[in-house]
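**Student:** Quick one: sequence plus predicted model below, questions after.
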Amino acid sequence: MDRAEIASTIKRTEFLQMYYYLRLTRSLEDRISALYRQGRIVGGCYTSHGMEAIAVGYASALERDDVIAPFHRDMGAFLIRGITPGEVLAQYFGKRTGPTKGKDGNVHMGDLKRGIIGFVSHLADNLPVATGAALAFKIRGERRVVFTGTGDGGTSRGDFHEAMNFASVRKLPVVFFCNNNQYAYSTPLRLQMAISDVVDRAKAYGMPGEIVDGNDVALVFLAAKRAIARARAGEGPTFLEFKTMRMHGHSEHDAAKYVPRELLEEWKKKDPILKAEQRLIELGYADEASFHEVGLRVQKEIEAGLAFAEQSPLPEGKEVLEGVFASPEEVEP
Amino acid sequence: MDRAEIASTIKRTEFLQMYYYLRLTRSLEDRISALYRQGRIVGGCYTSHGMEAIAVGYASALERDDVIAPFHRDMGAFLIRGITPGEVLAQYFGKRTGPTKGKDGNVHMGDLKRGIIGFVSHLADNLPVATGAALAFKIRGERRVVFTGTGDGGTSRGDFHEAMNFASVRKLPVVFFCNNNQYAYSTPLRLQMAISDVVDRAKAYGMPGEIVDGNDVALVFLAAKRAIARARAGEGPTFLEFKTMRMHGHSEHDAAKYVPRELLEEWKKKDPILKAEQRLIELGYADEASFHEVGLRVQKEIEAGLAFAEQSPLPEGKEVLEGVFASPEEVEP
Amino acid sequence: MSTGTASKEVTYLEAISQALDEEMTRDERVFLMGEDIGVYGGAFKITEGFLDKYGEWRVLDTPLSESGFVGAAIGAAMMGLRPVVEMQFADFISCAFDQITEVAATNHYRWGAPVPMVIRAPFGGGVHGGPFHSECPEGWFFHSPGLKLVAPSTPYDAKGLLKAAIRDPNPVIYFEHKFLYRRIKGVLPREDYIVPIGKADIKRPGTDLSVITYGAMVHLALEAAQQLATEGIEMEVVDLRSLMPLDKDTIYSSVRKTGKAIMVHEDNKTGGIGAELAALLAEDCFDSLDGPILRIAAPDTPVPFSAPLEEFFLPKTSDIVAAARKLAAY
Amino acid sequence: MSTGTASKEVTYLEAISQALDEEMTRDERVFLMGEDIGVYGGAFKITEGFLDKYGEWRVLDTPLSESGFVGAAIGAAMMGLRPVVEMQFADFISCAFDQITEVAATNHYRWGAPVPMVIRAPFGGGVHGGPFHSECPEGWFFHSPGLKLVAPSTPYDAKGLLKAAIRDPNPVIYFEHKFLYRRIKGVLPREDYIVPIGKADIKRPGTDLSVITYGAMVHLALEAAQQLATEGIEMEVVDLRSLMPLDKDTIYSSVRKTGKAIMVHEDNKTGGIGAELAALLAEDCFDSLDGPILRIAAPDTPVPFSAPLEEFFLPKTSDIVAAARKLAAY
Ligand SMILES: Cc1ncc(C[n+]2csc(CCOP(=O)(O)OP(=O)(O)O)c2C)c(N)n1
Ligand SMILES: Cc1ncc(C[n+]2csc(CCOP(=O)(O)OP(=O)(O)O)c2C)c(N)n1
Ligand SMILES: [Mg+2]
Ligand SMILES: [Mg+2]
């Protein structure tokens, strides 16, 4: 897609906003990784390093009323939906001010008010759930859309199949994506599926699919826009395969020796932040100085968030016993 | 496919054998339906009426050492693998001489010695199991093949997806079929999937697929032969969609009012026994008189089987407690 | 067995239909999903006529995918609807196990979003269904925090508990016993009512011992109690109705009064709900116990198909009578 | 904690690796399936080096599909192989629940085909894993006839039980506790040995009361017993090792001797294995009981993530000590 086309479809403020979230995601996750290495964060630590354009691109394409059912490498989407860096860090520290109040950890952040369906570890489990959210919109005749996805590995699970099929049969307003980063933990794509483009999975459901450069936030944004528009118009679900590469280990504890170094070198050149900066300069939307400024702003916000998270209280032990069941008031309008 | 081609690929004895099994299946199941209506059979009663060519065709294409993991409308396959009409009826009566000794009912017949993996009600559950049997053959370097399948409805389950995917990735010697009879209980294909050919499901796995007239035993046989040969040669799994129509209710208690009568009228003309007779005559393999003879032979066998089943003992109550666990001797060669 | 004769009696099955119908009329957020519930009206005809009345977006025939549609119910519930899903047979709930235990059950605990949904599970044996059309899967879910479980034994309870389940802000599994569908009748109140979740019901008072049970077994226990009464043994029949949460007050006060307890369920014995009941009593009512706590349950096997096997497998009235005699004499 | 010092000690984790390695060498029918067990050697590195040693057809990395590969293990087992599948975390076993409970567990009962396979399930908390990397799912399978369940607490038992599981003609779920992986060491015999399935082990004899437990909790019970001994209370520690079948002989004779019993497990309390143990004792050993049967278990909630919450959630040595004191004084 050429410069003119992008300029005509993505406004300067929109693109700058996405750039800001790319940087915020990168810096926040880098900080989380550093905290992990310092032993200050316990539990799993999965980042979207090198894949930030996907979550930032799709979450930017959504309207306020839409809903996401994200995946474990979608930090940008949480931030765009309004979870603050401070809340994220509080979540990682197990603090009461995190979105799960210490009950759950890391990227398992949900908040209905901000249109976020929480992630469960069991991969692809949130796809049927997302489908059901879309069903609710369809039943009520609302023009809201659900955006959900999983990794290349996650597409092998039965729940992926059942969700994709049901959404197609009922033409539900949901967009599915696959964050194809070539690996599922240590498992390369060729041991995960006998196809080389995950998008072929969509053919089983009569669902249109598209392959998108997942490292180019502009292309992700535009593809998401198209799919969302389709869903909103009642034309049914779309499957988007975002090609990308996992640049860190599966989790921060994993050195990922099983990934050929050349592959990483190659993908490093396609870094989504670099790519976005090239685009912004080409479009005349920004320059090096403004990138630097964004960097400073982001750092400041993360420091403030860290202070918030550090100062936040831990939950008290007995809070364990709270919240197994919802009370009636919680569901009445 | 024209007459000459079929004549050159299906021997007379082979075809006559298939014809015999078509008739045996039809008559045996008609008898079971009648017994059901008389209240002499309790529990579910699913028949393959009008779909007999599928199981007869594929089971005839297999070698002795191969294994089937059949589906609930595959009576012909049980018979070809050596389960006698008497055993089938004993199974339906809950007699101790049925393959499950009264523990399980109707088409849930398994027998490893005859290469039959028992069916469980949970649709598509036997697909991963079949895949595993094929994996065992691959690991041991045996040239054996597994044949397994499910209904159009069954293809919507997660286990279908997981089995198809794994078999493809590892190029396992297994053939999958879908018995596409247009309905899953009362659910028409359009509410089951957003594609009109179930074979499109195979594209998600990079698996070759073929649409076959499921009412023509010759075509079923030849398609099965091709897929089996491919599997045996180590080239991996194939997906066969057998187009057919369920001519009775889902189970004998179901009047199937939801099926348009015209559809049934139309498919009645394509009855697999009629079709086989036309082929046999065209090929000069048989004539009306021999069809009549087969009919008599089949009736006699069923009467004998019924006598066997009736005379067989019921299990004793306390046999409930037997067999929850296997003993070591059962697994040692 | 019937609970009245004055007005028109309805079956247990009709009571379930009525509850669904009335709740769908009362609250437009309530909708149904499942296999063959639409034009066919469901395998047991519970939703016959519903498609015409409520349309295909409130009576959704789903593809054959239990995990998929239970997951969808969770999502719809979080967005403010009130899904009621039907398992064609409770046996197939194993296919949706992961969605139920990992997603639905834990959702509110983990991040505070309620999941008000109901799963209807036609369960139980005595219908010659064999291993996969007769299961009692409640034991698994009893051990999954975050789920409520109910299992009515009468039309009155069936209707009232289903309404309560639909109005509950949590995921509720509603175990409806297939054997009772057309065999048990009763007269229902004209007005709207619910049977609150978490309240057991003394189906017959007694002083000598307590039998604690639920579902189809309640009727066996009542029969047994009648027989025992002729021998001068007064057995109290506690119908749990709610399996989760348990009504410990009612259970404990019954056993504290009688000093003797028998747990009866159709589910397999080991690790069944009877085990928890016995454990609770052995811990909390130990000083009131005048004898061992007995359990009557199915043996630890799948449900067999053949008539004599299933007959042997299922708990019988005579088993309860025998155990009660033994315990009464203790 | 170690069980010897003379020769080189191995961890609980190494004991598991050794068992797999030795069984694969002994019997070429044994093969492994799971996610990331090949080139990566498994999430916990149990199978490190196995791919090179045994090749990609005996150490199979699978697609991310628990139901699919458990089903495949069932099929391979029926065809005469001896699959050992790894759940990356026991938590994900819910995704394979249907294949385990409906197919593997019932297969031999229904039509006589044995399913000799093992599912390794790294379970348990104390590792800050949160709700989905800390679960104790044994309670569900305890209530599924046809499965054997084991849960070792020491390297010796870990190795011996895994070998026994692999040689067993039935489906066995092998619960290995993640908290013990690198924390518990012991010296193992040089020669081949098994720990028979179905045999509990008295890890410490005592006369005043019995604590019945398994897995990581055994070590807490031993610590508690040591503390109690200084107060003159002699607590017997019964390590179940096998959860199914239960070694009723050992359990009953311990409780008949001491007259008092405490069940301890890390799994949620309600409907856990402790309930069955209590029920068995309340039914079969009632006359020997000198006090209520106590249970110490996790509360009925998911496993929380945050440190103070998880600390509160998990049973503690002090809980056992307090309960034992109370019971001893009863
Ligand atoms: C059902 C299930 N099985 C196993 C796991 C353990 N696990 C966590 S992430 C992961 C790999 C995921 O790969 P993919 O879907 O490609 O996402 P990626 O991490 O590459 O972004 C695995 C196996 C899980 N979370 N859920
Ligand atoms: C997992 C599961 N859910 C529901 C059922 C109940 N059921 C039995 S057969 C059937 C329809 C099957 O349709 P299809 O797969 O097309 O096979 P057909 O009967 O048409 O040959 C249903 C819903 C089941 N057996 N298994
Ligand atoms: Mg990946
Ligand atoms: Mg069909």
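**Tutor:** Noted; the coordinates are in hand. Numbering: from 1, shown residues only, chains lettered A, B, ... in the order given. Ligands and ions are numbered 1, 2, ... in the order given.
**Student:** Find the nearest non-adjacent residue to the most centrally placed residue in chain A, please.
**Tutor:** By Cα atoms, centre = their mean, chain A has its centre lying nearest to A:Asp74, at 2.1 Å. Computed as Cβ to Cβ, 6 or more residues apart in numbering or on different chains, the closest residue to A:Asp74 that is not its neighbour in sequence is A:Ala55, at 3.9 Å. Bear in mind the C-beta positions are built from the backbone N, C-alpha and C, glycine included.
**Student:** so what secondary structure elements neighbour the helix or strand that contains the one you found?
**Tutor:** In this assignment (DSSP states H and E), A:Ala55 forms part of helix A:52-60. If you count contacts as 3 or more Cβ pairs under 8 Å, 6 or more residues apart in numbering or on different chains; DSSP states H and E, helix A:52-60 packs onto helix A:12-37, helix A:75-80, strand A:174-180, helix A:217-232, helix A:272-282.
**Student:** wait, what's in contact with the residue nearest to the centre of chain A?
**Tutor:** A:Ser48, A:Ile54, A:Ala55, A:Ala59, A:Ile68, A:Val107, A:Gly149, A:Asn179 (Cβ atoms under 8 Å, 6 or more residues apart in numbering or on different chains).
**Student:** can you check C:His177 too?
**Tutor:** By Cβ under 8 Å, 6+ apart, C:His177 lies in contact with C:Tyr12, C:Pro122, C:Phe123, C:Gly124, C:Ala151, C:Pro152, C:Ser153, C:Gly215, C:Ala216.
**Student:** Show the residue spans covered by the strands in the chain.
**Tutor:** Assuming you mean chain A. For chain A, applying DSSP state E gives strands covering A:67-69, A:146-151, A:174-180, A:183-184, A:187-188, A:209-213, A:238-243.
**Student:** To clarify, I was referring to chain C.
**Tutor:** C:9-11, C:30-34, C:59-61, C:82-86, C:118-123, C:148-150, C:172-177, C:185-187, C:201-204, C:209-213, C:235-239, C:242-244, C:261-268, C:294-298.
**Student:** now the ones you listed in TSV, with distance to ligand 1 and mean pLDDT?
**Tutor:** As requested, the strands of chain C are exported to TSV (distance: least, Cβ to the nearest ligand atom, whole Å; pLDDT from 0 to 100):
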stretch	distance to ligand 1	mean pLDDT
strand C:9-11	42	97
strand C:30-34	24	98
strand C:59-61	27	98
strand C:82-86	22	98
strand C:118-123	21	98
strand C:148-150	25	98
strand C:172-177	23	98
strand C:185-187	45	97
strand C:201-204	41	98
strand C:209-213	37	98
strand C:235-239	39	98
strand C:242-244	26	98
strand C:261-268	27	98
strand C:294-298	32	98
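**Student:** Compare those strands and give me the one nearest C:Gln18.
**Tutor:** Nearest of these to C:Gln18, taken as Cβ to Cβ: strand C:9-11 at 7.0 Å.
**Student:** Which neighbouring elements make contact with that closest one?
**Tutor:** By 3+ Cβ pairs under 8 Å, 6+ apart, strand C:9-11 packs against strand C:185-187.
**Student:** The strand it packs on: partners in the sheet, and parallel or antiparallel?
**Tutor:** strand C:9-11 (antiparallel) (DSSP bridges).
**Student:** ok, and what's touching the strand it pairs with?
**Tutor:** Residues outside strand C:9-11 that contact it (Cβ under 8 Å, 6+ apart) are C:Ser2, C:Gln18, C:Pro155, C:Tyr181, C:Arg182, C:Arg183, C:Ile184, C:Lys185, C:Gly186, C:Val187, C:Leu188.
**Student:** Looking at residue 281 now. What's its pLDDT?
**Tutor:** All of this is about chain A. Here the pLDDT value assigned to A:Ile281 is 97.
**Student:** um, chain C though
**Tutor:** So, for C:Leu281, pLDDT stands at 98.
**Student:** what's it in contact with, if anything?
**Tutor:** C:Leu281 is in contact with C:Ile251, C:Tyr252, C:Val255, C:Ala261, C:Leu289, C:Ile293, D:Ala282, counting by Cβ under 8 Å, 6+ apart.
**Student:** Okay, it and D:Ile296: tell me how far apart.
**Tutor:** For C:Leu281, the distance to D:Ile296 equals 18 Å [Cβ to Cβ, to the nearest Å].
**Student:** that older thread, would you quantify the distance from the residue nearest to the centre of chain A to ligand 1?
**Tutor:** 10 Å (Cβ to the nearest ligand atom, to the nearest Å).
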